[in-house]
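> Structure, please.
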Amino acid sequence: MHIFFYDKTFEGLLTAVFDAYSRRTFPDRLLRVGEPAPLFADETYTVVTDTARAERVRLGLMRKLPTEATTLILRAWLSEQPTVDELLFRYIRKTFDTTESIALNFADPDVLEVRNLALKVSREAHKLKQFVRFSKAADGLYVAPIRPVYNALPLAIPHFTDRFADQPWVIYDLRRRYGYHYDLHSTREVTLADDAALRSRLDPDLLATDEQRFQDLWRTYFRSLTIRERLNPRKQRQDMPVRFWPHLTEMQPEDL
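Predicted structure coming up:
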């Protein structure tokens, strides 16, 4: 059994592909640096992430695959599934080892799984566009905490940058402890050592003076549209997943 250790970044994965072909040794397992090796490992190798090597692999994929397929690889990676790196390593190796494109060969289980994971991440990004709710803090910054199942925030950020270009905002992924800040000029990734300060901005007493009134109006409007005789909680949970409810203004009690 051959084991490659790497830093669990996408660039690290592409570097691992480059090193495997250079060494002519392909890993059976991909583990994070520092993880214990399996008891019966025949050989271990530690990948040092190298931007130039990763770029050569990326360009090679672009030559071998249509743009849509390279996009699927990136989106599948964002699923963060436990063995997605090994899945993508196999997918990339099959791409380089065949003369014809594997992009549409859905009879191959790896090709099908990459596509399915990418679709799940794309759907989560679409839900973020639907269900992100901003609250205006006293200093004028609009804040939106989220907890998506997949790491889909990077896919949705261009939408928010374009749609809310007239206001400063932060969308922060509480699960992964990073987010994006737009300052009216550009959008950049931010990471907080402690998200307590971000959470405190959402305290009703610390919101902008007109924010609570707007939230009350939105909840009233939402409830006024409800036809109680036609309530369908199952359908509501299907269309508006419960995981988004803690951060949806319309799903909070009116006396908050």
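> In the stretch 1-150 of the chain, what residue spans correspond to strands?
Secondary structure of the stretch 1-150 of the chain by DSSP state E, counting those that start in this stretch: the strands cover 2-6, 29-32, 43-46, 135-136, 142-146.
> Just put the ones you listed in a markdown table and tack on mean pLDDT, mean neighbour count and distance to residue 78.
Where you see a C-beta, it was placed from the backbone N, CA and C, and this is true even at glycine. Listed next are these as a markdown table, based on pLDDT from 0 to 100; neighbours: other CB atoms under 10 Å; distance: least, CB to CB, whole Å:
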| stretch | mean pLDDT | mean neighbour count | distance to residue 78 |
| --- | --- | --- | --- |
| strand 2-6 | 96 | 21 | 17 |
| strand 29-32 | 96 | 18 | 17 |
| strand 43-46 | 94 | 14 | 25 |
| strand 135-136 | 91 | 21 | 26 |
| strand 142-146 | 94 | 20 | 14 |
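> closest to residue 73 out of those strands?
Among the strands of the stretch 1-150 of the chain, strand 29-32 comes nearest to residue 73, with 15.1 Å by CB to CB.
> For the residue most central in space within the chain, give its distance to residue 182.
Centroid check for the chain by CA atoms, centre = their mean gives residue 151 as the closest residue, at 1.7 Å. For residue 151, the distance to residue 182 equals 19 Å [CB to CB, to the nearest Å].
> now do residue 235
As judged by CB to CB, residue 235 and residue 182 stand 34 Å apart.
> So for these two, which residue has more residues nearby?
A count of neighbours by other CB atoms under 10 Å puts residue 182 above the other of residue 235 and residue 182, at 20 against 10.
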